[in-house]
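Colleague: pasting the sequence and the predicted model now:
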Amino acid sequence: MLFEGKVIKYGDNVDTDVIIPARYLNTIDKKELAAHCMEDLDATFVNRVEDGDIMVAGFNFGCGSSREHAPIAIKASGISLVIAKSFARIFYRNSINIGLPIIECPEAVDAISEGDKLKADMDAGVIYNLTTGDEYKAEPFPAFIQEIIATGGLIESIKAGKIK
Amino acid sequence: MGMTMTQKILAAHAGLDSVSAGQLILADIDLVLGNDVTTPVAVSEYKKLGLDKVFDKNKVAMVMDHFTPNKDIKAATQCKMCREFAGDMDIVNYFDVGDMGVEHAILPEKGLVVSGDVVIGADSHTCTYGALGAFSTGVGSTDMACGMATGKAWFKVPSAIKFELKGELQPNVYGKDVILHIIGMIGVDGALYKSMEFCGEGVHTLSVSERLCMANMAIEAGGKNGIFEVDDKTIEFIKEAGGKEPTIYKADDDAVYDETYVIDLSEIRPTVAFPHLPENTRTFDEIGEVKIDQVVIGSCTNGRLEDLVVAANILKGKKVKKGVRTIVIPATNKIYLDAMEMGLLKIFIEAGAIVSTPTCGPCLGGHMGILAEGERAVATTNRNFVGRMGHPKSEVYLASPAVAAASAITGKISSPEEVM
């Protein structure tokens, strides 16, 4: 999988309450969730995010509540990939399960700035910074996880007969 | 190589003699849980699989607790979706208004979780049941859907941090203070992906209620699960709840831990987590004057009978400060009834507090006590993230029921000693 997009960057411990505040959890409509994505941390996000953009953040991204609405909202907002120094474990699991591409790369996060253009090769685990010319090496997911994400998540994979 | 308590439970549920940290396993699960926020997503995913029943109608629990009694039409629609699915699937442990409670309070109360179980729940505080010596962890809705379909879940076997407790808590200090102290010490990602295993002689001095409170907040340190050694108090609790025969697992003497912390319970002081992370902990020598607008006593962390007794002992014969909205939420109907029979509700109401039907409500900024811009609350809940209880510019301070009750009386964050 290859992703290309511009960077929207946040700090450490971005929790699922700011990714999608609980007051909007009375729906499972993806578009409605996306309309409030990041609202309590960055009210400008929904207006400036463009399809394919890459979210970059610090340690413990997605900490807190288990709400799957959080990766769903990020994916539905148009974000193609999240790069973080580390992910909270439920968010990590949920992202794979719903098919939101994520990758851990602390070195990249330190070097990347808001607005940079990136290209990420998920199979090779390499992130290219097209703005600065740098490249960063990350640990790619094992093949079966890549396949779950590429197929669109766990349920789609089970339906497609890829997981038994 | 020796195994931790968590690793032993996981090995047994994966049909393996032993497992080690980092290993990927497929384990049988004893209970799959969801609530009115996470179940609708799970149901919508489940329907894509085209199945007409769940793997075991006795091993799925659904609790309508977050936005109930339904706060608006959308919440009502979500509950209706859960109710219909539970009906179609003949799910035995479906709890709705009238017999519900906050999920992590009601499941142990009903004897639905016992030592040695593996439980997954589409709610991050599912880690609560580790207090009973079970492996339980929070997952998302898709995992819930797949768990309901197959009765299995995949796990990466976690490594562990050992917390060896010794000594005994001083008066006015509770399990909540201990877990806040630990989160302050190791940080909100201090136990990321790991088990937090609580053992040592100090464990036996803690009530099961306090252990439930501590295991509940393992997730606030990033933990995969928090788990306590099983003792007579655990077994007695499970028996009283009418649970099935527990299976007791003990860590091997040569189990490997990433780190070991020795915690002297007698040194813990009343502790408060300042906004906007549970790791921002302070003791009263560092707090100063912080005026508050609201107090919430309740939640899966501190809404059990013992917590209400602590708060009532402080509020008895006193009045809450004018202007401080004090909201007491017994976590289950049984707790509500017990509190009523013990005269606690009268104490709260006479003090100027209100008593709500069980709900997660204000803890997640759902309803029943939302904060306006600039307002501050002392809450016995578990998270103080930005906007957690309402406006993004409101503030939540996490504390024990004793500190919360004392603060309600003074109108500022106060230690129980100030009012007793």
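Modeller: All right, it came through fine. Numbering: from 1, shown residues only, chains lettered A, B, ... in the order given.

Colleague: all contacts plus neighbour counts: C-alpha atoms, from now on.
Modeller: Fine.

Colleague: OK, contacts around A:D121?
Modeller: A:D121 is in contact with A:M1, A:L2, A:F3, A:I127, counting by Cα atoms under 8 Å, 6 or more residues apart in numbering or on different chains.

Colleague: check contacts around the spatially most central residue of chain A.
Modeller: The centre of chain A sits closest to A:V82, judged by Cα atoms, centre = their mean, with a distance of 3.0 Å. Contacts for A:V82 (Cα under 8 Å, 6+ apart) come out as A:I54, A:M55, A:V56, A:A57, A:P101, A:I102, A:I103.

Colleague: list the buried ones in the longest strand anywhere in chain A?
Modeller: The longest strand of chain A (DSSP state E) is strand A:2-9. By 16 or more other Cα atoms under 10 Å in any protein chain shown, the buried positions in strand A:2-9 come out as A:F3, A:E4, A:G5, A:K6, A:V7, A:I8, A:K9.

Colleague: tell me what the helix or strand just after that strand is packed against?
Modeller: Per DSSP states H and E, the first helix or strand lying C-terminal to strand A:2-9 is helix A:16-19. Identification of packing neighbours for helix A:16-19 by 3 or more Cα pairs under 8 Å, 6 or more residues apart in numbering or on different chains; DSSP states H and E yields helix A:69-76.

Colleague: can we see that at 7 Å?
Modeller: Judged by 3 or more Cα pairs under 7 Å, 6 or more residues apart in numbering or on different chains; DSSP states H and E, helix A:16-19 is in contact with no other helix or strand.

Colleague: spell out which parts of chain A neighbour chain B.
Modeller: Contact residues (Cα under 7 Å from any Cα of the partner chain) of chain A with chain B: A:17-18, A:22-23, A:25-28, A:40, A:60, A:64-68, A:88-90, A:94, A:97, A:155, A:159.

Colleague: quick one: B:T68 and B:T359 touch, right?
Modeller: Yes: the pair B:T68 / B:T359 is scored as a contact, 6.2 Å apart, by Cα atoms under 7 Å.

Colleague: for those two, indicate the residue with more neighbours.
Modeller: Set side by side, B:T68 and B:T359 give different neighbour counts by other Cα atoms under 10 Å in any protein chain shown, the larger being at B:T359 (28 against 25).

Colleague: got any ranges where chain A has weak pLDDT?
Modeller: When residues are selected by pLDDT under 70, those of chain A lie in A:163-164.

Colleague: all helices for it, in order.
Modeller: For chain A, helices defined by DSSP state H occupy the ranges A:16-19, A:30-34, A:45-48, A:69-76, A:89-98, A:106-111, A:143-151, A:154-159.

Colleague: run through who's touching the third one.
Modeller: Under the criterion Cα atoms under 7 Å, 6 or more residues apart in numbering or on different chains, residues A:A35, A:C37, A:M38 lie in contact with helix A:45-48.

Colleague: one more: the longest one?
Modeller: Contacting residues not belonging to helix A:89-98 are listed as A:62, A:66, A:68, A:71, A:101, A:148-149, A:152-154, B:138-140, B:142, B:192-193 [Cα under 7 Å, 6+ apart].

Colleague: now that helix, how far from the centre of its chain.
Modeller: 10 Å (Cα atoms, centre = their mean, to the nearest Å).

Colleague: likewise for the second one?
Modeller: Its chain's average C-alpha position is 15 Å from that of helix A:30-34, according to Cα atoms, centre = their mean.

Colleague: so which residues on the stretch 301-420 of chain B come close to chain A?
Modeller: Counting by Cα under 7 Å from any Cα, the residues of the stretch 301-420 of chain B that sit close to chain A are B:L364, B:G365, B:G366, B:V386, B:G387, B:R388, B:P392.

Colleague: please apply the same query to chain B.
Modeller: B:37-38, B:41, B:45, B:49, B:74-75, B:78, B:122-124, B:138-142, B:189, B:192-193, B:220, B:222, B:364-366, B:386-388, B:392.

Colleague: restricted to buried residues, select these in PyMOL.
Modeller: Buried residues within the residues of chain B next to chain A, by 16+ other Cα under 10 Å, are selected in PyMOL with:
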select buried, chain B and resi 37+38+41+45+74+75+78+122+123+124+138+139+140+141+142+189+192+193+220+222+364+365+366+386+387+388+392
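
Colleague: inside helices: which ones of the residues of chain B next to chain A?
Modeller: Counting by DSSP H, the part of the residues of chain B next to chain A found in helices is B:V41, B:E45, B:K74, B:A75, B:Q78, B:S141, B:T142.

Colleague: list the contacts of the closest residue to B:D293 other than its chain neighbours.
Modeller: In space, and not counting its chain neighbours, B:D293 is closest to B:V324: 4.8 Å by Cα to Cα, 6 or more residues apart in numbering or on different chains. By Cα under 7 Å, 6+ apart, the contact set of B:V324 is B:I292, B:D293, B:Q294, B:V295, B:A408, B:G411.

Colleague: which one of those is nearest B:V262?
Modeller: Checking the contacts of B:V324 against B:V262 with Cα to Cα, the nearest one is B:V295 at 32.7 Å.

Colleague: kind regards, and thank you for your time.
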